[in-house]
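Enquirer: only geometry, no sequence info:
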């Protein structure tokens, strides 16, 4: 007698992974690594010299998109909220541990260079000197994120934003307009009144104020939600492409032509003196002021709206960047540690095009090798 096979429900088709997210995230990681070794020739070629924003904005925006895609479905009406909460906060805990590990590695590198290679320069850079001056207070502040070393302080921002992601995603499915309005108002108030998380024992605030930078993350979350629905957050139309292209061209000219940038900077100063909110007229990274924010959003919209960008990102030539983007966290952690090592070495060598080229190429090769190994790790 033939066995009776119960019919199986058809599997739900998985949506194809958008190659742009991985490739652009990989490009952002390369840019961050190059910029985190100041004084090398190649940093003059990175995006921060072509406009107002840099790879940090891209990193936060794409982190929001990734979180919306990965955790968003759990928070839609009828979704598995507790499962989504556990996954999002589990990822946040991983980010926290990675940040502490990178911090410990950087402190070890600074001490090792001074102890064995008579190169103490890194001990006096990037906030490491605070540990030497206030050891007990700093050892308490580091795990509390009240003190963060320079150049490795974006993960605490992502950690805090990911903790808030479940609530933001829940709102984003139900009242996206309300969420976007509240996010915009918080951004404006935080920038206008310089609101930030304080640091200790060194007085100051976080390099990235979460109250300001949340606007990029929220826009990323809403974009991820819309992508899950097969829609765009902002539709493609010719006039918007024209406006964003014109704004990006203006920003480029503003940056590279002093005869144009000078008068425009004075114009912003005049607007500031006339009473326009500071967060609209200033160029400040801590509070993600308007010129940086608008530049990042214009660039993101244009890259997402041009079909040729998607085709290019799907090509085999850019697959190394896609690989790096898929393994963003381990690549970023290794890159941060290597960048601090190279900073310490450069305190002795100064500017040297050949040496800088070899060091940067070696550091990027190690990151690609780690991403390749991690991508093929069993049970990854």
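Expert: Cool, got the structure. Because the structure is a prediction, the values reported are computed rather than measured.
Enquirer: where do the helices sit along the stretch 1-150 of the chain?
Expert: With helices called from DSSP state H, counting those that start in this stretch, the stretch 1-150 of the chain shows them at 19-35, 55-71, 81-117, 128-133, 135-141.
Enquirer: mean neighbour count and distance to residue 295 added to the ones you listed, as a markdown table?
Expert: (Each C-beta comes from the backbone N, C-alpha and C, glycine too.) A markdown table is the format used below for the helices of the stretch 1-150 of the chain (neighbours: other C-beta atoms under 10 Å; distance: least, C-beta to C-beta, whole Å):
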| stretch | mean neighbour count | distance to residue 295 |
| --- | --- | --- |
| helix 19-35 | 23 | 15 |
| helix 55-71 | 24 | 8 |
| helix 81-117 | 17 | 26 |
| helix 128-133 | 16 | 32 |
| helix 135-141 | 14 | 33 |
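Enquirer: so which of those helices comes closest to residue 309?
Expert: Across the helices of the stretch 1-150 of the chain, residue 309 has its closest neighbour in helix 19-35 (6.3 Å, C-beta to C-beta).
Enquirer: show me what that closest one is packed up against.
Expert: If contacts are counted by 3 or more C-beta pairs under 8 Å, 6 or more residues apart in numbering; DSSP states H and E, helix 19-35 sits against helix 55-71, helix 290-305, helix 307-313, helix 319-326, helix 328-349, helix 353-375.
Enquirer: okay, those helices, which one's buried deepest?
Expert: Among those, helix 55-71 has the highest mean neighbour count (mean count of other C-beta atoms under 10 Å), at a mean of 24.
Enquirer: run the angle between it and helix 319-326 for me.
Expert: Interaxial angle, helix 55-71 versus helix 319-326 (axes from the mean of the first three to the mean of the last three C-alpha atoms, to 10 degrees): 70 degrees.
Enquirer: okay, the residue nearest to the spatial centre of the chain and residue 359: tell me how far apart.
Expert: Residue closest to the average C-alpha location in the chain (C-alpha atoms, centre = their mean): residue 59, at 2.3 Å. Residue 59 sits 22 Å away from residue 359, going by C-beta to C-beta, to the nearest Å.
Enquirer: same question for residue 234.
Expert: Residue 234 is 40 Å from residue 359, by C-beta to C-beta.
Enquirer: leaving out chain neighbours, which residue sits closest to residue 119?
Expert: Leaving aside its sequence neighbours, residue 119 sits nearest to residue 113 (C-beta to C-beta, 6 or more residues apart in numbering; 4.3 Å).
Enquirer: the one you found touches residue 344, doesn't it?
Expert: Yes: when contacts are counted by C-beta atoms under 8 Å, residue 113 is listed as touching residue 344 (4.6 Å).
Enquirer: residues in contact with both of those two, list them for me.
Expert: Residues touching both residue 113 and residue 344 by C-beta atoms under 8 Å, 6 or more residues apart in numbering: 119, 121-122.
Enquirer: let me have those residues in JSON lines, extended by distance to residue 35, neighbour count and pLDDT.
Expert: Compiled in JSON lines, these are given as follows (distance: C-beta to C-beta, whole Å; neighbours: other C-beta atoms under 10 Å; pLDDT from 0 to 100):
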{"residue": "119", "distance to residue 35": "22", "neighbour count": "18", "pLDDT": "95"}
{"residue": "121", "distance to residue 35": "19", "neighbour count": "16", "pLDDT": "94"}
{"residue": "122", "distance to residue 35": "17", "neighbour count": "24", "pLDDT": "96"}
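Enquirer: can you redo those as CSV with distance to residue 355?
Expert: Shown next, in CSV, are the shared contacts of residue 113 and residue 344 (distance: C-beta to C-beta, whole Å):
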residue, distance to residue 355
119, 14
121, 16
122, 17
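Enquirer: quick check, nearest of the residues you listed to residue 364?
Expert: residue 122 (20.6 Å).
Enquirer: what sits against that closest one?
Expert: Here residue 122 is in contact with 109-110, 113-114, 128, 340, 343-344, 347 (criterion: C-beta under 8 Å, 6+ apart).
Enquirer: likewise for residue 199?
Expert: Residue 199 touches 141, 146-148, 205-206, counting by C-beta under 8 Å, 6+ apart.
Enquirer: let's have the residues you listed in TSV, adding distance to residue 279 and pLDDT.
Expert: Formatted as TSV, the contacts of residue 199 follow (distance: C-beta to C-beta, whole Å; pLDDT from 0 to 100):
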residue	distance to residue 279	pLDDT
141	28	98
146	24	97
147	26	97
148	23	97
205	15	97
206	16	97
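Enquirer: what's the closest of the residues you listed to residue 80?
Expert: Nearest to residue 80 among the contacts of residue 199, with distances taken as C-beta to C-beta, is residue 206, at 32.8 Å.
Enquirer: hang on, isn't that closest one packed against residue 159?
Expert: No: look at residue 206 against residue 159 with C-beta under 8 Å: they stay out of range, at 11.3 Å.
Enquirer: I'd say residue 80 and residue 86 touch.
Expert: No: proximity of residue 80 to residue 86 does not meet the contact threshold set by C-beta under 8 Å, at 9.5 Å.
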